[in-house]
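**Student:** kindly generate the corresponding structure for this input.
(chains A and B)
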Amino acid sequence: MTARLTWMELRLLAREPMVAVSLIGFPLVTVLVLAGVFGQTPDPEFGGVSPDDHYLVGYVGVVLAALGLITIPVHVATHRELGVLRRFRAAGLGPRVLLASHGALGAVLGVVAAALVLAVGAAFYGIGAPEDPLGVAAWFVAGLACFVAIGGALGSVLPSGRAASALGNLLFVPMFLLGGGGPPRGVMTGAMQTVSDLLPLSHVVGGIREAWLGRTDDPHALWWPVAVAVVAVLLATWTSVRRATT
Amino acid sequence: MMQTAPRPAASTAAAATPAASTPGASQTVVEVRDLEKRYGERTVLRGVAFTVQRGELYGLLGRNGAGKTTTVEILQGLRRADAGRVDVLGMDPAEAGDRLRRRIGAQLQDASLPERMRVHEALDLFASLHPDPRPLDELAAEWQLDHLWRRAVGRLSGGERQRLFVALALVGRPQLVFLDELTQNLDPVGRRHTWDVVRRIRDGGTTVVLVTHDVEEAERLCDRIAVVHGGRVVAEGTPASIVASLGAATTVTFTDPDLDVGAVRGLPGVERVRRHGPEVEVVGDGPLLAHVGAHLVAVGRPALDLRAHHPSLDDCFVTLTQEVPS
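**Tutor:** Reported below is the predicted structural model:
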């Protein structure tokens, strides 16, 4: 049932042009501009690699953040607003099936969107093969789990698509700027660095980047996005099941 | 004229449907006893009780906020009651959950589908939830959805949307269907079409629980009705039995400024006589119009505007639901 529902939701999302814009439009345009501005010359501010490599591989993480903070919550909260979740539930589609389906939906979208960003980035600026493919895969899976779970948790509490969109953008922009999508950590103030270190996105972006470029001088904590994922899954499940039985 | 204090439901229910007073009998599809529900400080249900028999078209009639929707949501296991006993198709909805929900059909108030979902996708998805769904082409033809097969839900008219929602509620061959405010926002023609739809569901052998605030709808469609007000069932029975139970007084009026009303008071069935200027109002029961008319002819003063007013379900509904819930 989860597979069937996920497939249907994917088809519905494919008919929503705004989803593509919110999910990959912004990260794609930003990465193309930044990579174009900073160029391909290795730079000590970017850890000795070229800025376009620095941004391109890291933006896989930014796409995941857009997915978890905006796309999934807006989708789920819009369903709630229209009474779709209620109608599904009355038909026997329980909250756990819906959560699983939205998780699967997020996973598929995350893989497709990340592949698209990498493909477009590579086509414009070129990009080397990952130095540590297993490391990249581990970080990608951890980041995907983290942000899909955050998306599920936000979607389980927000009442409407507009509320989800407003809160999502409010969360996304600072997380994007301080979490690896904006200036390198080295040029941030001390307070900014502290906030940056707490954001799961910083670790996901940094982890994917370090593994892809084969560097080990800037280690990141894989357990942090995984821990956030676990807490978010628990919150989403608790809230959804509670909503379904009050 | 009529009683203003709501009567306990049991008095009319017992008279109207003896079978309803045998809880647990195989013909009882829904049994609700002493149902209570609070949302924070607000008490929504205060001991709701009624039974629905197999094959019935049963109405939950009440004003907005009376507790009707909360009641049917509890019956479907979508909300938990704070107290009381609920039995639907032999199951406790709070425990049975999806196992029950896949045996019942539901058209919910204010619950839609994704705007870009197509009619056939919705039917296909909902059919996949059931072990033995109705053939979709047959169902679509039955509810005039075949020509809308590929249309998005967001592009359906109000009537088309309702037909789709009813078809979705029936796709799993349910034994029991809940229809909540089915004709809300429909024009008069759409409303009548929808009434035909509801009758067809019942005629097909499915038990229907219809939630409505529309007295005419309840009176035209329902075999029996529970009038819900302030979280209580304040009357239950057939529309006729509810009217009869509320001291169904008939009022006869006519104009005669000079008639001696003292003699009218002595006619059979007359409870009271009032004069409002030239107009005389006689309240009572039985064949009141005939007695008053015969008297006026006998005294040589036949009135041209002699007429009788019998209380309707609408009158009773206003009487039953005008009090502010305590």
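**Student:** when you work out contacts or count neighbours from here on, use the C-alpha atoms and nothing else.
**Tutor:** OK.
**Student:** angles on the backbone of residue B:108, please.
**Tutor:** Per-residue torsions, residue B:108: phi -100, psi 150 (degrees, to the nearest 10).
**Student:** how many residues are close by it?
**Tutor:** 23 (other C-alpha atoms under 10 Å in any protein chain shown).
**Student:** surely it and residue B:183 touch.
**Tutor:** No: if you go by C-alpha atoms under 8 Å, residue B:108 and residue B:183 don't touch, sitting 11.6 Å apart.
**Student:** for the closest residue to chain B within chain A, which non-adjacent residue is closest in space?
**Tutor:** Chain A approaches chain B most closely through residue A:83 (3.9 Å), counting by C-alpha to the nearest C-alpha. Nearest residue to residue A:83, sequence neighbours excluded (C-alpha to C-alpha, 6 or more residues apart in numbering or on different chains): residue B:111, at 3.9 Å.
**Student:** isn't that neighbour up against residue A:88?
**Tutor:** No: taking C-alpha under 8 Å as the definition, residue B:111 is not a contact partner of residue A:88, at 9.2 Å.
**Student:** and the stretch 101-250 of chain B, which residues reach chain A?
**Tutor:** B:101-102, B:105-108, B:110-114, B:116-117, B:121, B:125-126, B:128-129, B:169 (C-alpha under 8 Å from any C-alpha of the partner chain).
**Student:** dump the residue contacts of the residue nearest to residue A:83.
**Tutor:** A:82, A:83, A:84, A:86, A:87 (C-alpha atoms under 8 Å, 6 or more residues apart in numbering or on different chains).
**Student:** now swap in residue A:43 and tell me
**Tutor:** By C-alpha under 8 Å, 6+ apart, the contact set of residue A:43 is A:49, A:50, A:51.
**Student:** most surrounded residue in those residues?
**Tutor:** Among the contacts of residue A:43, residue A:51 has the most neighbours (other C-alpha under 10 Å), with 23 neighbours.
**Student:** that one contacts residue A:40, doesn't it?
**Tutor:** Yes: counting by C-alpha under 8 Å, residue A:51 does reach residue A:40; the two are 6.1 Å apart.
**Student:** secondary structure element for the closest residue to chain A within chain B?
**Tutor:** Closest to chain A within chain B is residue B:111: 3.9 Å, counting by C-alpha to the nearest C-alpha. Residue B:111 is part of no helix or strand, with elements assigned from DSSP states H and E.
**Student:** element containing residue 240?
**Tutor:** Defaulting to chain A. Using DSSP H and E, residue A:240 falls in helix A:223-244.
**Student:** to clarify, I was referring to chain B.
**Tutor:** With DSSP H and E as the test, residue B:240 turns up in helix B:239-245.
**Student:** same for that helix, what does it pack against?
**Tutor:** Packing partners of helix B:239-245 (3 or more C-alpha pairs under 8 Å, 6 or more residues apart in numbering or on different chains; DSSP states H and E): helix B:9-16, helix B:313-321.
**Student:** pLDDT wise, what is residue 216 at?
**Tutor:** Unless you meant another one, I'm taking chain A. Residue A:216 is assigned 71 on the pLDDT scale.
**Student:** let's do chain B instead
**Tutor:** Reading off the model, residue B:216 has pLDDT 87.
**Student:** for it, give its distance to residue A:100.
**Tutor:** For residue B:216, the distance to residue A:100 equals 44 Å [C-alpha to C-alpha, to the nearest Å].
**Student:** have a look at those two and say which one is more surrounded.
**Tutor:** Using other C-alpha under 10 Å, the more surrounded residue of residue B:216 and residue A:100 is residue A:100, with 18 against 12.
**Student:** could you check which helix or strand contains the residue nearest the centre of chain A?
**Tutor:** Taking C-alpha atoms, centre = their mean, the centroid of chain A lies closest to residue A:64, which sits 1.6 Å from it. Assigned by DSSP H and E, residue A:64 belongs to helix A:51-66.
**Student:** could I get the average pLDDT for the helix or strand following that helix?
**Tutor:** Proceeding N to C from helix A:51-66, the next assigned helix or strand is helix A:72-82, under DSSP H and E. Helix A:72-82 shows a mean pLDDT of 90.
**Student:** and the contacts of helix A:72-82?
**Tutor:** A:85-86, A:102, A:106, A:148, A:151-156, A:158-162, A:164-165, A:168, B:110-114.
**Student:** for the chain, which spans come out with low pLDDT?
**Tutor:** Let's take chain A. The model of chain A has pLDDT under 70 over residues A:217-218, A:244-246.
**Student:** oops, I was thinking of chain B
**Tutor:** For chain B, the ranges with pLDDT under 70 are B:1-26, B:247-248, B:324-326.
**Student:** helices along that one, start to end?
**Tutor:** For chain B, the helices defined by DSSP state H cover B:9-16, B:68-75, B:93-96, B:98-101, B:119-127, B:136-142, B:158-170, B:188-203, B:215-221, B:239-245, B:261-265, B:288-298, B:313-321.
**Student:** is it possible to get JSON lines of those that adds distance to residue A:55?
**Tutor:** Below are the helices of chain B laid out as JSON lines (distance: least, C-alpha to C-alpha, whole Å):
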{"stretch": "helix B:9-16", "distance to residue A:55": "72"}
{"stretch": "helix B:68-75", "distance to residue A:55": "51"}
{"stretch": "helix B:93-96", "distance to residue A:55": "52"}
{"stretch": "helix B:98-101", "distance to residue A:55": "47"}
{"stretch": "helix B:119-127", "distance to residue A:55": "41"}
{"stretch": "helix B:136-142", "distance to residue A:55": "51"}
{"stretch": "helix B:158-170", "distance to residue A:55": "48"}
{"stretch": "helix B:188-203", "distance to residue A:55": "58"}
{"stretch": "helix B:215-221", "distance to residue A:55": "64"}
{"stretch": "helix B:239-245", "distance to residue A:55": "73"}
{"stretch": "helix B:261-265", "distance to residue A:55": "98"}
{"stretch": "helix B:288-298", "distance to residue A:55": "92"}
{"stretch": "helix B:313-321", "distance to residue A:55": "67"}
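**Student:** residue boundaries of the helices in chain A?
**Tutor:** A:2-14, A:17-20, A:26-38, A:51-66, A:72-82, A:84-90, A:95-125, A:133-157, A:161-176, A:190-198, A:200-213, A:223-244.
**Student:** surely residue B:250 meets residue B:312?
**Tutor:** No: using C-alpha under 8 Å, residue B:250 is not in contact with residue B:312, being 10.4 Å away.
**Student:** ok so, going back, then the helix holding residue B:240 to PDB, C-alphas only?
**Tutor:** Presented in PDB, the C-alpha positions along helix B:239-245 are these (Å, rounded to 0.1, in the frame of the first residue of the first chain):
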ATOM      1  CA  PRO B 239     -40.200  12.100  11.500                       C
ATOM      2  CA  ALA B 240     -43.900  11.500  12.100                       C
ATOM      3  CA  SER B 241     -43.300  10.000  15.600                       C
ATOM      4  CA  ILE B 242     -41.100  12.900  16.600                       C
ATOM      5  CA  VAL B 243     -43.800  15.400  15.500                       C
ATOM      6  CA  ALA B 244     -46.400  13.300  17.300                       C
ATOM      7  CA  SER B 245     -44.300  13.000  20.500                       C
END
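**Student:** next, the buried residues of it.
**Tutor:** Under the neighbour-count criterion of 16 or more other C-alpha atoms under 10 Å in any protein chain shown, helix B:239-245 has B:239, B:241, B:242, B:243, B:244, B:245 buried.
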